[in-house]
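[1] I'd like to go over a predicted model; first the sequence, then the structure.
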Amino acid sequence: MTQGTAPRRNPLAFVEAEVEELKAKHLYRPLRVMSAAQGPVTVVDGREVISLSSNDYLGLTHHPRLREAALRAIGEYGVGSGAVRTIAGTMTEHEALEAELAEFKGVEAVLTFQSGFTANTGVIPTITGEQDLIVSDALNHASIIDGMRLSKAPRKVFPHADVAALREILHEAAEKGRPDGSGPYRLILVVTDGVFSMDGDIAPLPGIVEAAEEVGAAVFIDDAHASGVLGRDGRGTVDHFGLKGRVDIQVGTMSKAMGVLGGYVASTQALRDFMTQRARPFLFSTSHPPADAAACREAIRVMQAEPWRIERLWASTKRFKAELTRLGFDTGRSETPITPVIVGDSEAAIRFSGRLFEEGVFATSVVFPTVALDQARLRTIVTAALSDEQLDRALEAFDRVGRELGVIAA
Ligand code: PMP
């Protein structure tokens, strides 16, 4: 074969065009780079800022007890596990973490995954197939959606938090059975976030559980933003509503309030056993470094030993929301520390975030397609680590910049 002299055509040229299009539509968001530890005050793109953007609800990312636990584990085991769990990557730290999580959550057994994302994409396709039906809230997280896409099960979506619509879908599915007339579904799985990550509202779990029980469906909750935030010592949405024993599968994350990284599925011993044989991210991706597992174990202890953190989280959340509302901002339907400040179009949200940043407040914008086109917003999260003085400074900046840009009346 002869080598041509013409310049090589770039087969990826369309990617540049895609990026240019995003920029032209003001939908492109450059990555902000932190050069200090996560915390109430951090350094982003070289500027010291008050951070309202992390999921570090309880301020555990930099907690001394978690650091020490991680360092101890590094001293003992090194930095990596070296294999997937099913080959040579299961260490005592992993097993101990799972036993402690199971006890904390009050369930039979827990299996950990590398992230909350992989927990969802691991468990959903493992337990559902063509003979099943998944019924999902319209605003469920991307990892649930991807988990459903990886499943052969048909799915139905109910309008966000609409228990009446869910009930109707469930009763029809239970009565009619599978669309090809081959009989009833093996499993009907109702899937919902516990706390919705963009709006900060809590799923109407008591109603969901009741509707599911009427037809013998299973309930699956993704508690990423409820872990460490809702329920006793942060046990989650099921504990918050007193629904112990009535929710079949709880997914949690260790990447947010627990301050480290990882996801888990809390359920029965049988489900844990089955996932160890079938869940693809578990089977085909290397397990956590032992230091991460050790830090997560310490996080569970700190959450119980320092209840002031969750109390502080909620007290600051209430104050921050009340002040934003008093200033005239639209914080949507939030009931939790996730507090959206809804601005409208994406350009306005990006500009608002940029001006706040100049004023020393880091509040990231969230735009389409993560939220609807006209629902662009700043997504703020108050953490237990923020002082009253830092919150006041942040609120002053919101007031000043909000009036300057016409987000609130001048
Ligand atoms: N589920 C929900 C509802 C989430 O908000 C997130 C994180 N954005 C995840 C799952 C994924 O968790 P992780 O960051 O641990 O992968």
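    Arrived safely.

[2] The residue in the chain that the ligand sits nearest to - how many residues pack around it?
    The nearest approach of the chain to the ligand comes at residue 116, 2.4 Å away (CB to the nearest ligand atom). For every residue, glycine as well, the C-beta is placed using N, CA and C. With neighbours defined by other CB atoms under 10 Å, the count for residue 116 comes to 25.

[3] What's the separation between it and residue 406?
    The spacing between residue 116 and residue 406, counted by CB to CB, to the nearest Å, is 37 Å.

[4] Pretty sure the residue of the chain closest to the ligand sits against residue 265.
    No. Residue 116 lies out of contact with residue 265 (CB atoms under 8 Å); the separation is 10.0 Å.

[5] Show me which residues of the stretch 201-350 of the chain are close to the ligand?
    222, 224, 225, 253, 255, 263 (CB under 6 Å from any ligand atom).

[6] for the protein, which spans come out with low pLDDT?
    1-4 (pLDDT under 70).

[7] Does residue 258 belong to a helix, a strand or coil?
    Secondary structure, DSSP: H, G, I helix; E, B strand; the rest coil: residue 258 is coil.

[8] What residue spans form the domains of this protein?
    Domain assignment for the chain by automatic domain parsing gives 27-57+307-404, 64-305.

[9] Kindly check the end-to-end length of the shortest one for me.
    The one in question is domain 27-57+307-404. Chord length of domain 27-57+307-404, first to last residue, is 22 Å (CA to CA, to the nearest Å).

[10] Next: the last one.
    Its first and final residues considered, domain 64-305 spans 14 Å by CA to CA.

[11] Centre of the chain to it, how far?
    Remark: domain 64-305 is offset 11 Å from the chain centroid, using CA atoms, centre = their mean, to the nearest Å.

[12] Hmm, residue 273 and residue 282 touching each other?
    No. Contact between residue 282 and residue 273 fails when scored by CB under 8 Å: they sit 11.8 Å apart.

[13] For these two, work out which one has more neighbours and name it.
    Taking neighbours as other CB under 10 Å, residue 282 and residue 273 compare with residue 282 leading, 24 against 12.

[14] SS state for that one?
    helix.

[15] before we move on, the earlier item: pull up the overlap in contacts between residue 116 and residue 265.
    Shared contacts of residue 116 and residue 265 (CB atoms under 8 Å, 6 or more residues apart in numbering): residue 251.

[16] Could you pull out the buried residues of stretch 75-95?
    Within stretch 75-95, the residues that count as buried by 16 or more other CB atoms under 10 Å are 77, 81, 84, 85, 89, 90, 91, 93, 94.

[17] Pull the most distant pair out of those residues.
    77 and 84 (16.4 Å; CB to CB).

[18] which one's the longest helix in the chain?
    helix 308-327 (DSSP state H).

[19] in that one, what's buried?
    By 16+ other CB under 10 Å, the buried positions in helix 308-327 come out as 309, 310, 312, 313, 316, 317, 320, 321, 323, 324, 327.

[20] Pull out the buried positions in stretch 35-55.
    Neighbour count says stretch 35-55 has 38-44, 49-55 buried, by 16+ other CB under 10 Å.

[21] How about stretch 10-25?
    Result for stretch 10-25 [16+ other CB under 10 Å]: no buried residues.

[22] same thing with stretch 259-277?
    In stretch 259-277, counting by 16+ other CB under 10 Å, buried: 259-267, 271-272, 274-275.

[23] Backbone torsions only: list them for residue 364.
    phi -70, psi 150 (degrees, to the nearest 10).

[24] residues near it, how many?
    For residue 364, using other CB under 10 Å, the count is 21.

[25] How far away from the center of its chain is stretch 61-81?
    24 Å.

[26] can you start the count at 36 instead of 1 from here on
    In the new numbering, first residue 36, that becomes stretch 96-116.

[27] does that stretch come close to the ligand?
    No. Stretch 96-116 lies out of reach of the ligand by CB under 6 Å from any ligand atom, never closer than 12.9 Å.

[28] Contacts for that stretch next, please.
    With contacts defined as CB under 8 Å, 6+ apart, stretch 96-116 is touched by 72-74, 89, 95, 124, 126, 128-129, 294-295, 321-330, 332-334, 336-337.

[29] so of those residues, which ones are in helices?
    Using DSSP H, the contacts of stretch 96-116 in helices are 128-129, 325-330, 332-334, 336-337.

[30] Which two of the residues you listed have the greatest separation?
    Going by CB to CB, the pair spanning those furthest: 129 and 337, at 19.4 Å.

[31] What residue, apart from its backbone neighbours, is nearest residue 126 spatially?
    residue 325 (5.2 Å; CB to CB, 6 or more residues apart in numbering).

[32] Cheers, nothing more for now.
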